[in-house]
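A.B. asks: any chance you could fold what I've pasted below:
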Amino acid sequence: HAAGQQIHVVLDNLSTHTTPDIVAWLEKNPHVHLHFTPIGSSWINQIEAWFSIITRRSIRRGTFASVKVLIAQIRDYITTWNSNPTPFAWTATADEILAKAHLVQINIKKLVDNNAK
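C.D. replies: Presented below is the predicted three-dimensional model:
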């Protein structure tokens, strides 16, 4: 990293991220900032949400002459996004989430049962 540049890392709430060794290292490296996802949430859901947003809003309908052009498009989108950042807000109710989880369980059971035949 360049001198004076800040580094922000998003992590899940696994307790190993806050051990005394890590805390001591962070004290010696004040340019590194850890941000933790909410307890009980999956960090991968946040990553998937971000990739879904950037895909829908910036990449999906694009035509890119090269990987370099694609990277420039992604970086431009991130710069615009970060100019007015807002946190992700969960909009699903607990009942909606539980209903979806139930459907996933049913579909997995059907898949397993079909593969056992």
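A.B. asks: count the residues that sit near Thr86.
C.D. replies: When neighbours are defined as other CB atoms under 10 Å, Thr86 has 6 of them. Yep, even glycine has a C-beta here, placed from its N, CA and C like the rest.
A.B. asks: do the one 5 residues further on as well
C.D. replies: Here the count is done by other CB under 10 Å, and Thr91 has 6 residues near it.
A.B. asks: now do the SS call for it.
C.D. replies: Look at Thr91: counting by DSSP: H, G, I helix; E, B strand; the rest coil, its state is coil.
A.B. asks: quick one, grab the pLDDT at it.
C.D. replies: Thr91 is assigned 81 on the pLDDT scale.
A.B. asks: please apply the same query to the one 5 residues further on.
C.D. replies: In this prediction, Glu96 carries a pLDDT score of 85.
A.B. asks: and if you look at Gly40?
C.D. replies: 60.
A.B. asks: how is the chain divided into domains?
C.D. replies: Domain segmentation of the chain under the TED database yields 1-36, 37-116.
A.B. asks: then Phe88 would be within a helix, right?
C.D. replies: No: per three-state DSSP, Phe88 lies outside any helix segment and is coil.
A.B. asks: can you offset everything so residue one is 30?
C.D. replies: Sounds good: first residue 30 from here, last item Phe117.
A.B. asks: so how far is Ile51 from it?
C.D. replies: Going from Phe117 to Ile51 by CB to CB, to the nearest Å gives 25 Å.
A.B. asks: same question, Lys57
C.D. replies: In terms of CB to CB, Lys57 sits 11 Å off from Ile51.
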